[in-house]
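> let's see this in three dimensions:
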Amino acid sequence: MRAVLQRVSQASVTVEGQVVGAINAGLLVLLGVGQGDSHVEAHLLAEKTAHLRIFADAEGRFNRSLLDVGGAALVVSQFTLYADTRKGRRPSFIDAALPDVAAPLVQSYADRLRSFGIEVAHGVFGASMQVALINDGPVTITLDSATFRQPRN
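Prediction:
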């Protein structure tokens, strides 16, 4: 699984002219599910998201997590995070999981965040969505569950 975390002061997602999810301070999470991903990756990524220290403390250092600041998460599925652009001019999305596999894993990720007591809003899986945000910092962090088991150099 891949996630792009954007620290926001507010964010919302709109489908067909209706706001379907909105948060104030917290994280906008653009979440992609890849071939072979499972609930294990969903839970690992959610745990990393909840505990990642990317919010400032009193000295302005990244020492606080989403849990520490009582922030919310807006989870938006985004298969395009698995775009393969190595050949040609049109990206291939063959590495993205099919919708019947991806949808429950996006839900599993959101449910795991909720299990930590985080307020979670979300978009509509598979819909054309408009995402609005005010990026705080800006702070944007990418996570890829495939790298969690690799040693750090």
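> where does the chain dip in pLDDT?
Residues of the chain meeting the criterion pLDDT under 70: 152.
> so which residue is dead centre in the chain?
Val29 (2.6 Å; C-alpha atoms, centre = their mean).
> okay, and the beta partners of that residue?
Leu5, Val75 (DSSP bridges).
> wait, doesn't it sit right on Arg2?
No. Using C-beta atoms under 8 Å, Val29 makes no contact with Arg2, being 10.5 Å away. C-beta: built from backbone N, CA, C; applies to glycine.
> helix/strand/coil for the residue lying farthest from the centre of the chain?
Of all residues in the chain, Gly88 has its C-alpha farthest from the mean position, at 27.9 Å, by C-alpha atoms, centre = their mean. Here Gly88 is recorded as coil under DSSP: H, G, I helix; E, B strand; the rest coil.
> that one and Gly34: what is the separation?
To Gly34, Gly88 is 20 Å away according to C-beta to C-beta, to the nearest Å.
> for Ile54, same thing?
Taking C-beta to C-beta, one finds Ile54 at 23 Å from Gly34.
> then Gln78?
Applying C-beta to C-beta, the value for Gln78 to Gly34 is 12 Å.
> could you do Ala103 as well?
As judged by C-beta to C-beta, Ala103 and Gly34 stand 14 Å apart.
> and the two? Which one has more around it.
Here Ala103 and Gly34 are compared on neighbour count by other C-beta atoms under 10 Å; more neighbours surround Gly34, at 20 against 15.
> surely Arg112 is within a strand?
No. Under three-state DSSP, Arg112 sits outside any strand and is assigned helix.
> quick one: it and Val40 touch, right?
No. Counting by C-beta under 8 Å, Arg112 stays clear of Val40, with 10.8 Å between them.
> compare these two (neighbour count), which wins?
Per other C-beta under 10 Å, whichever of Arg112 and Val40 has more neighbours is Arg112, with 20 against 12.
> quick one: contacts for the more buried one?
Applying C-beta atoms under 8 Å, 6 or more residues apart in numbering to Arg112 gives the contacts 42-43, 46-47.
> ok, and the most crowded of these?
Ala46 (27 neighbours).
> no further questions, thank you.
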